[in-house]
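>>> after the sequence you'll find the predicted model.
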Amino acid sequence: MYLSAISISEIAIKHDKGKLSFGLHDALNAMDVLKIEALPYTLIHAQRLFGLPLHHKDPFDRQIIGQASAEGVPVVTVDPFFKLYEGVDVLW
């Protein structure tokens, strides 16, 4: 299993805004316990954003969609917009 580096960025921002009660150390500990690897965000992932339909306006989610598409990995989310993108398998 993987956790996108984008998700760590989003956790940091939400934590600093007071929207999350857990922070970096909690996230890293959970990743360690659950044996989840970090998936770095690369130029190839960013290139997938060009021409990506605007079904979703959240920039973090769009980056995750591009990353999942490039890597061929599924995304675990309840967000219904993810299912609108071809080439992205959504679990949940």
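Ah, there it is.
>>> center of this structure, which residue is that?
Centre of the chain computed as the mean C-alpha position; nearest residue by C-alpha atoms, centre = their mean is Ile64, 3.9 Å away.
>>> how near is that one to Leu54?
Ile64 sits 15 Å away from Leu54 when distances are taken as C-beta to C-beta, to the nearest Å. Where C-beta positions appear, they are placed from N, C-alpha and C, glycine not excepted.
>>> what ranges do the helices span in the protein?
Using DSSP state H, the helices assigned to the chain run over residues 5-16, 24-33, 43-47, 59-71.
>>> next, the contact list for Tyr82, please.
In this structure residue 82 is Phe, not Tyr. Contacts for Phe82 (C-beta atoms under 8 Å, 6 or more residues apart in numbering) come out as His56, Asp61, Ile65, Val75, Val88, Val90.
>>> and which of these is nearest Asp16?
Asp61 (19.0 Å; C-beta to C-beta).
>>> per-residue confidence for that closest one?
pLDDT, the model's per-residue confidence, is 96 for Asp61.
>>> repeat that for His56.
According to the per-residue confidence, His56 scores 86 in pLDDT.
>>> how far away is the residue nearest to it when sequence neighbours are not counted from Gly23?
The shortest distance from His56 to any non-neighbouring residue, by C-beta to C-beta, 6 or more residues apart in numbering, is to Phe81 (4.3 Å). Distance of Phe81 to Gly23, computed by C-beta to C-beta: 27 Å.
>>> again with Val90
Where Gly23 is concerned, Val90 sits at a distance of 27 Å (C-beta to C-beta).
>>> swap in Arg48?
Arg48 sits 29 Å away from Gly23, going by C-beta to C-beta.
>>> so which of those two has more stuff around it?
In this comparison of Arg48 against Gly23, neighbours counted by other C-beta atoms under 10 Å, the higher total goes to Arg48 at 18 against 13.
>>> which residues does that one contact?
Arg48 makes contact with Ile65, Gly66, Gln67, Ser69, Ala70, according to C-beta under 8 Å, 6+ apart.
>>> out of those residues, which is nearest to Met31?
The closest of these, once distances to Met31 are taken by C-beta to C-beta, is Gln67, at 16.6 Å.
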